[in-house]
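Asks: Sequence first, predicted coordinates after that:
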Amino acid sequence: MPVMDEAVEVAARPTSDMPVVPDFLARYATRLHGHDEMLTADGVVRPHWQRFAAGWAALGPAGRHAAAESTRRLLRESGIAFNVYADPDDRAHAWRLDLVPVLLHEREWAGIERGLIQRARLVEAVLQDLYGEARLLRDGVLPPALVLGSDEFLRPAARPPGPRRPMLLVYACDIARTADGSWRVLGDQADLAIGNGYLLASRVALSHGLADLFLACHARRLAGYYLAMQQALQQAALPDGRVVVLSAGPANPSYFSNAYIARYLGFTLVESGDLTVRDNAVYLKTLDGLQRVSTILRKIPGTRCDPLLLPGQGLLGVPGLAQAARMGRVRIANAIGAGVLHNRVLAPFSRRLCRHLLGEELRLEDAPTFWLGNAQERAATLARLEGLFVGRATQRSDPGEVGPSIPGSSLTGDALLAFVDRLGHEGHLLVAQEPVALATTPAFDGTELRPTPFAIRTFLVQGEDGWSVLPGGLVRLAGGPTTTRLPNGYGSKDLWIVGDEPEPQQISLMREAIADVHLRRTGRDLLSRTADNLFWLGRYAERTETLMRLLRSVLARLLEDSRPEARPDLLHRLVDIVLRKGRTPATEDAWPIRTLDEQLGALMFQPDRPYGLREGLDHLHRTATLVRDQISHDAWRMLNALHVDRRWRAPQGRIVAAQALDLLDEGVRYLNAFSGTEAENMTRNYAWRFLEMGRRLERAARLVELTRGLVLEAPDPEGDGSLRLLLELGDSFMTYRSRYVMTPLLAPVLDLLLLDETNPRSLAFQLAAIDQHLAELPSDGPHRSAEQRLVLSQLTALRLADLKTLLEPDLLGERPALAALLDDAAKALPELSDIIARAHFAHAETAVTTLGMRRRDPP
Amino acid sequence: MIYEVSHRTTYAYAHPVSISHHVLHLLPRQCPHQITGDTALEVTPAPTVRHEDRDYFGNPVTFLTIQQAHTELTLRALSFVDVRPRAVPEPSATPPWDDVLAVLDEDRAVETLDAVQYRFASPYTPIDPDLLAYARASFRPGRPVLEAARDLTHRIHRDFTYDPTATTVTTPVPEVFRLRRGVCQDFAHLQLACLRGLGLAARYVSGYLLTRPPEGKEKLIGADASHAWLAIWVPGQGWVDLDPTNDLIPGDEHVTLAWGRDYGDVSPVQGIMFGGGEHTVTVAVDVTQLER
C-alpha cells in the first residue's frame, strides 16, 4: 500500500524548522543522567527518533489518550497475563505495556545482530563439546565442576563423538545498554526462550494503537522471523509427523505467551499428559487415536521432560521421551540438556571460549559475572560482597517468573555464615554479579515522558541456513537505575528497529505459510483433554446463560410489580431452585439470607457462592482459556469481554437493581453471541460436537430442574404465573404465543417444552441432538454404546409419553406420571455426562507410578 | 572366582497396566577385576521395544517398553562373572586427603576428570552440616585418605543398626543419620554424602554379595539379594571399594553390577507405568559360586 504509506508519512514528517528540543521534551531533558535512547547528551532528539517525536507531539493529549485506550483494549482482549485465570484487574498478574516503544536504528541493530548470532553459535558449540568429547574440560578452558557438578548437565543427552544435529533451535539473549552507551549481555536463555508470545501480542496491540507512527517510523516487521521459525520447526519434522508446542499448562506464568505463539505459528499446544511414547516414537493422544509427533518445541525445562531418564524430578514429563530423542525418533527444540548453559553459566568464560572455539573476539561483552566454584573468586567475592548480587548461575529469569538473587549487602551475621557454608559445597553452582548501570528510554506515565531504565530480551532461531534474529525484542522496564538480569514487575515495551526507508513488503509469504498449516487441521486430531474441556465449556456457557435469564426475569418483575406473575412467593420459589443446590449448613452460616433481595445478591455477586453467577463466570473463563485455540477469535472475545468487565465483580449492594438488569441483559447478549458464532463459524468437527453436547446436556438438565420447581412444586401453576415464567426461561414464550394466543396452560406448555422435537429449546430436541452427535463420534463397533443407549431410552420415554396421562392428578392433586418422567431424566442426565466422560476422555488420564526397588541386604 | 548370578524380579499389579517403560541395570559391567561372561535377560510379557545400550557411566543398560496390557511383569537376569582378587593399597600409604582435594581441583587427566563428577551432591546424597561434622572425626588434617575413609566405614558400621524396617527407598540421608538405622543402600549414601561434603570423589556401586551359608547348613536359594556399597577415588591408585554394611574392603566376594552418582543412576529396575494401581514386588537373587 505505497500510497497510504506516503500519506501517513507526510503527516508525520518532521519539518526542517522544528526546534531541536521540542517543548514537551524540555522537562525530559533535565532528568537525564546517562545514555538515553531518544535524546543525546546535548538534549537533541536522535535522528532515528525524530519521526516518532514529531508524530508523538502531533498526537496531542487526546490522541495519546485514544492510542493508549485502543492499545489497552486490544491487549485486554488478547487475554495477556502471567496468570491466565487471574482477575484482569489484578496488577500482579497483569501485563503492562508502555505506549512508547524503544527505537533502535537498523544500522546499530545490525551490529547487535552480529553479536547475538556469534553468541548463539558459541552456545551451540559449547553444548556440542560438553555432550560430546568434552575437550573444553580436558583442555582447561572450562572448569569441570561448572559442568559436571551442574544439576542441569543431563547425562542421557551425551553422545559418542561424531557429527550430530544442532542442540539449539531457538535461543534468547537478554541484553542491556549501559549508562555509558555500550551493550552488555545479561543472560543466555539456552534451555528455553520464553516471552515470544508476550512480544507478539504487545506488537499487535501497539502497532494498531500507534498505527500511523508505526508506519511513519519505518519499523521493521516481525513476520519474516516467525516464518523462519515456522520453517525451521517444519524442516525438522518428519513428513507424517506433526510439530507441537509442549507447555506446562495454564497454571504456569508463561502459559499465555506459549499458547499465543503456538496459535500464531499454527502448531498444536499440548501438555505432557497429551503425549505418549510407543515404539520409541512420540504420539499425541487424540479422540481419533494416536498421531505421530516429530518435533517438539518445548516450553518446559529439560530437567522436567522425562521422569524415567532424569530421576528425582517426580512424575513430570513424558516417560520415554529422552530415549525417543536419543534414538532420533523425535526432535526436541531445544535438545534436552541445553539448560547446562542457561542464563549466567557462560558469562565468566565467554571471552576465552569465543577465542578458543570460534577463533573470534567476543562482540557482545557480558555484564561482570564471577563463578564462585574456585577459591580465589570466592575469597574476592567475600571481600567485596557489598556491591554484588549472588545466585544460581542457571537461575530462570523469565517475565513473571524470576528466581531469587541475593544482594550481597543483605549477607551479614548468621546469613553470612550460612552463605560461606553454602559456598563451600555448592559454590560451583553460584555466580556473583556486578549490577549494570542502565541507559534510559522514554516511558509514558499517562501525562508526560520520563527517562526509564530498561533491558531487552532478543530472540533467535536456527534454520538450515543458520541463525536469524528477530528484528525487535521484549523490552522490560527496570524499577531502579541498575540491574543484574532482565527486570521484572515494572512493565514492558515494544522494540522498533527503524530504518531510513520503508521496508519492502514481505507479509504475504507469511499468510500463505500459515494458511497451509491450518488446512491440514481436519478436526479428527482433537486432543482427548481438549474434548473434555470443550464439553465443559458448553455446559458452563449454558449454565451461566440460564442463570442470567433467571435472575433477569426475577429482577424485571421486581422492578415492575404490576405484572400478575410478580408475586413474591413465586419469585422466591424460582430463586430457591438454584439457591438450594448450593445450600449447606456452612453456607447458611456464612450468608444468612432472608429477603429476596439478599437471595438475588447472593446468586449474582457472592464470589464463592456455589452455583452462583460469579462461580459460573469463573468456570466459563477457565474452560474457555483451556480451549482457546479451538474456538474462533470472535467467540473468545465474547467470553473474555464478560471476564474483563469488572461490573460482574462489583461488591454486593454497590449496583442497584436497574443497573443489574442492564448488566444481565448484556451478559445474555454476549452469551447468545458466543453460541451464535459457535453455531455459524465453527467447523462441524469433533470439537464442535463436544461443545454442542455439553450445551445440550446442560440445557436439558436445567429445563428438567425448572419444570420440576415451577410445575410440580407449584400449588397452582396455571394460575400463579409459573408457566409464563417457565416459557420465558425456556426462551419459548414467543413460540407459544404464535401457536396458541392464549394464557399459558399446562398441556400446551409442557408439550412445547418437553416433547416437541421441533422446538430447539425442548427437552426432546436436546436429547435428539445429543443422540445425533454421539452417532458421529469414532466408535469401536457397530453396536450402540452405553451413552447412546441411555440417550435413546430417555428420548423414547418422551416420544411415547402421553400428555393426558402425564397431567393426570392423583388424589392429593399431584401428578405422579410427570414427576416420574422428570425424576428419571434428572437422574439420567448426570449419568450421561459421566458415561460420555469415561468413554471419550478416559485415555487422557495419566495414572503413572514409578517403580523403585527396595534394596534388601543379606540376612 | 566364577559366579552364576540369577536375579529375578516379579511385579504383580492390582489392575492391568496398559503401557510401561523401564530402564534396567541388571547386567554386570566389565571392570578391571571383573570379567563378564555370558549374560541373558528374559522379560515376560515380551516387550515391544527393547534396546541395549551403555549409560554415561559405562554401565550396560536396557530400555524396555511393554505395550500389551499385563498384570504381571517378570524380569529374569542370568549372568556369569569372573571376579579376580584385586590389590588393595595400604591405607596408611595413601596421600593425605587434603592433598587429594587439590589434585581433583587441578588435574585434567581423563581419569581425574571422570572422578570429578562424583564430588558433588546428588539427589540421594545431599550435603548436610551434621553429616559433615560426623565425617570430620575421621578426617583429621593430613590423614591418609584411605585410612580416614576406612575409619569412617568402620564407624558407620559401629554406630548404625541394620534395620530393613526403619527406612524406605525414599528416606533422605539426613533422616537415616538421625535414626541411626537403615540398610546397605542407606549406609552407602550416608558415607557418600560424608565424603562428598569433604570434597572427595566417591561413587555408588550396585551389585551382589555371596552370602556364606551358616556352618553345616545348605545355602538357601533366594536368600541372597542385591547389595550396595561405595568406592572412593585415590590418586594414583584409582577406585577403592568400601562396604559400610559389612565393615570391609570388598574382595572377590562382591560382584559389581553398575556404578553411578547414587542409587537413582543405577537402580536395577526403574519404570513408569500407566494403570496398575497397587503393586507388589518379589525379588529373588542367587549368587552361586561355580569354581575358584
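Replies: That came in fine, so what should we check first? Numbering: from 1, shown residues only, chains lettered A, B, ... in the order given.
Asks: what's downstream of the longest strand along chain A, the next helix or strand?
Replies: Longest strand of chain A, by residue count under DSSP state E: strand A:449-463. The first helix or strand that comes after strand A:449-463 along the chain, using DSSP states H and E, is strand A:466-469.
Asks: what's that next one in contact with?
Replies: A:113, A:116-117, A:120-121, A:171, A:224-225, A:228, A:458-461 (C-beta atoms under 8 Å, 6 or more residues apart in numbering or on different chains). Any C-beta I mention is one placed from the backbone N, CA and C, and that applies to glycine too.
Asks: Filter the residues you listed down to the buried ones.
Replies: Among those, those classed as buried by neighbour count (16 or more other C-beta atoms under 10 Å in any protein chain shown) are A:113, A:116-117, A:120-121, A:171, A:224-225, A:228, A:458-461.
Asks: what two of the contacts of strand A:466-469 have the greatest distance between them?
Replies: A:121 and A:224 (20.6 Å; C-beta to C-beta).
Asks: From the centroid of the chain, which residue is nearest?
Replies: Because you didn't say which chain, this covers chain A. residue A:256 (2.5 Å; C-alpha atoms, centre = their mean).
Asks: um, chain B though
Replies: Chain B, centroid-nearest residue using C-alpha atoms, centre = their mean: residue B:206 at 2.3 Å.
Asks: Please settle this for me: is that one part of a strand?
Replies: Yes - per DSSP: H, G, I helix; E, B strand; the rest coil, residue B:206 lies within a strand segment.
Asks: give me every residue that touches it.
Replies: Here residue B:206 is in contact with B:25, B:226-228, B:256-260, B:263, B:266-268 (C-beta under 8 Å, 6+ apart).
Asks: which of the residues you listed are close to chain A?
Replies: Among the contacts of residue B:206, proximity to chain A is found for B:226-228, B:263, B:267-268 (C-beta under 8 Å from any C-beta of the partner chain).
Asks: Mind checking which of those residues land in helices?
Replies: Those of these mapping onto helices are residue B:263, per DSSP state H.
Asks: Nearest to residue A:353 among the ones next to chain A among the contacts of residue B:206?
Replies: The nearest member of the ones next to chain A among the contacts of residue B:206 to residue A:353, counting by C-beta to C-beta, is residue B:263 at 34.9 Å.
Asks: Counting neighbours, what do you get for the closest residue to the closest one other than its chain neighbours?
Replies: Distances taken as C-beta to C-beta, 6 or more residues apart in numbering or on different chains place residue B:124 nearest to residue B:263, at 5.3 Å, with adjacent residues excluded. Residues within reach of residue B:124, counting by other C-beta atoms under 10 Å in any protein chain shown, total 25.
Asks: isn't residue B:124 right up against residue B:171?
Replies: No - the criterion here is C-beta atoms under 8 Å, and residue B:124 misses it with residue B:171 at 9.9 Å.
Asks: Helix or strand: which one has residue A:26?
Replies: Assessed by DSSP H and E, residue A:26 sits inside helix A:23-30.
Asks: tell me the angle that helix makes with strand A:449-463.
Replies: 80 degrees (axes from the mean of the first three to the mean of the last three C-alpha atoms, to 10 degrees).
Asks: List of residues touching helix A:23-30?
Replies: With contacts defined as C-beta under 8 Å, 6+ apart, helix A:23-30 is touched by A:21, A:38-39, A:43, A:45, A:53, A:56-57, A:442, A:448-451.
Asks: Now that helix: average pLDDT?
Replies: What helix A:23-30 shows for mean pLDDT is 83.
Asks: Can you name the next helix or strand after it?
Replies: Following helix A:23-30 toward the C-terminus (DSSP H and E): helix A:50-78.
Asks: for that next one, packing partners?
Replies: In terms of contacts (3 or more C-beta pairs under 8 Å, 6 or more residues apart in numbering or on different chains; DSSP states H and E), helix A:50-78 is packed against helix A:2-12, helix A:23-30, helix A:196-209, helix A:211-216, helix A:633-644.
Asks: how big is the angle separating that helix from strand A:449-463?
Replies: Using the same axes, to 10 degrees: helix A:50-78 against strand A:449-463 is 70 degrees.
Asks: buried sites along helix A:50-78?
Replies: Applying 16+ other C-beta under 10 Å to helix A:50-78 flags A:50-57, A:59, A:64, A:67-68, A:70-71, A:74-78 as buried.
Asks: Please, which helix or strand holds the residue lying closest to residue A:648 once chain neighbours are set aside?
Replies: Distances taken as C-beta to C-beta, 6+ apart place residue A:617 nearest to residue A:648, at 5.9 Å, with adjacent residues excluded. Following DSSP H and E, one finds residue A:617 within helix A:613-626.
Asks: Give me the average confidence score over that helix.
Replies: Helix A:613-626 comes out at a mean pLDDT of 90.
Asks: low pLDDT regions in the stretch 101-250 of chain B?
Replies: For the stretch 101-250 of chain B, the stretches with pLDDT under 70 are B:211-224.
Asks: can you map out the strands along it?
Replies: With DSSP state E, counting those that start in this stretch as the criterion, the stretch 101-250 of chain B has strands at B:161-162, B:181-182, B:202-209, B:226-234, B:238-242.
Asks: Can you check which of those strands gets nearest to residue A:602?
Replies: Between the strands of the stretch 101-250 of chain B, strand B:181-182 lies closest to residue A:602; by C-beta to C-beta that is 57.1 Å.
Asks: Look through the stretch 401-550 of chain A and state the residue closest to chain B.
Replies: Proximity of the stretch 401-550 of chain A to chain B (C-beta to the nearest C-beta) peaks at residue A:425, 4.3 Å away.
Asks: number of nearby residues for that residue?
Replies: With other C-beta under 10 Å as criterion, residue A:425 counts 21.
Asks: so which strand or helix has it?
Replies: helix A:413-426.
Asks: quick one: contacts for the residue in the stretch 151-300 of chain A positioned nearest to chain B?
Replies: Minimum separation of the stretch 151-300 of chain A from chain B (C-beta to the nearest C-beta) falls at residue A:155, amounting to 3.6 Å. Applying C-beta under 8 Å, 6+ apart, we find residue A:155 in contact with B:55-57.
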